[in-house]
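Novice: return a 3D structure for these sequence lines:
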Amino acid sequence: MAVLPLHLLGSPVLRQRSAEVARVDDEVRRLIDAMFETMDANKGVGLAANQVGVARRVAVIDAEGHRIALINPRLAATGGAKEAEEEGCLSVPDVFAEVTRPTTVTLAALDRDGKPYSLDADGLLARAIQHEIDHLDGVLFIDHLGPMKRQFMLRKYQREHPKAGHVQEQPTEPAPAGE
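Specialist: So this is what the prediction gives:
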């Protein structure tokens, strides 16, 4: 497998709703494997397919002891209180902001073999699931901010990444474990 290039803020694929996966096949499984490698190499918690330029409803997450693939994911339910926690995103590097989200979710998705599953989640896992499903809908975490805070964050990003393109090439080998 290879570490895939990341699409950054400004890339059109990040703003489009990703297409449903009609059939889980070897191509989808290879995409999932490459996405896990890319997420691990970038020390991420989750990664959606559109973040690597593939507009399909596929995401991967590694949080709180759950290393899962999500194919055609949807939130079957949300609950609990809403809580503000700091979020960041591999596609918007060096920008972090508090985002308010429900504290519990029930996920419905297909696994890497195309089998349906559901998962009740809270904490970081629930937040990561919501963040990745947002990506698949063309929504970035900064879209959950008020207009002034969002503008501040966008200016900060542009100031810190003045020559950033829309795609960030990745090293060919993932970072060694523990770094």
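
Novice: measure G10 to D120 for me?
Specialist: For G10, the distance to D120 equals 36 Å [C-beta to C-beta, to the nearest Å]. Heads up, the C-betas are built off the backbone N, CA and C, glycines and all.

Novice: equivalent analysis for D113, please.
Specialist: Applying C-beta to C-beta, the value for D113 to D120 is 21 Å.

Novice: show me which of these two is the more surrounded one.
Specialist: Taking other C-beta atoms under 10 Å, D113 and D120 do not tie; D120 has more neighbours (13 against 10).

Novice: list the beta-bridge partners for the more buried one.
Specialist: T106 (DSSP bridges).

Novice: pretty sure it is touching T103, no?
Specialist: No: using C-beta atoms under 8 Å, D120 is not in contact with T103; the gap is 11.8 Å.

Novice: strands of the protein, residue ranges please.
Specialist: Counting by DSSP state E, the chain has strands at residues 6-7, 46-48, 58-63, 66-89, 92-110, 116-122, 167-168.

Novice: do you know which of those lies nearest L145?
Specialist: strand 92-110 (5.7 Å; C-beta to C-beta).

Novice: could you list the buried residues of that closest one?
Specialist: Using 16 or more other C-beta atoms under 10 Å as the test for burial, strand 92-110 gives 92-93, 95, 97, 99, 101-103, 105-107, 109-110.

Novice: same check on stretch 119-128?
Specialist: Buried, per 16+ other C-beta under 10 Å, within stretch 119-128: 119, 121, 125-128.

Novice: which one of the strands of the chain lies nearest to A22?
Specialist: Nearest of the strands of the chain (C-beta to C-beta): strand 66-89, 9.4 Å.
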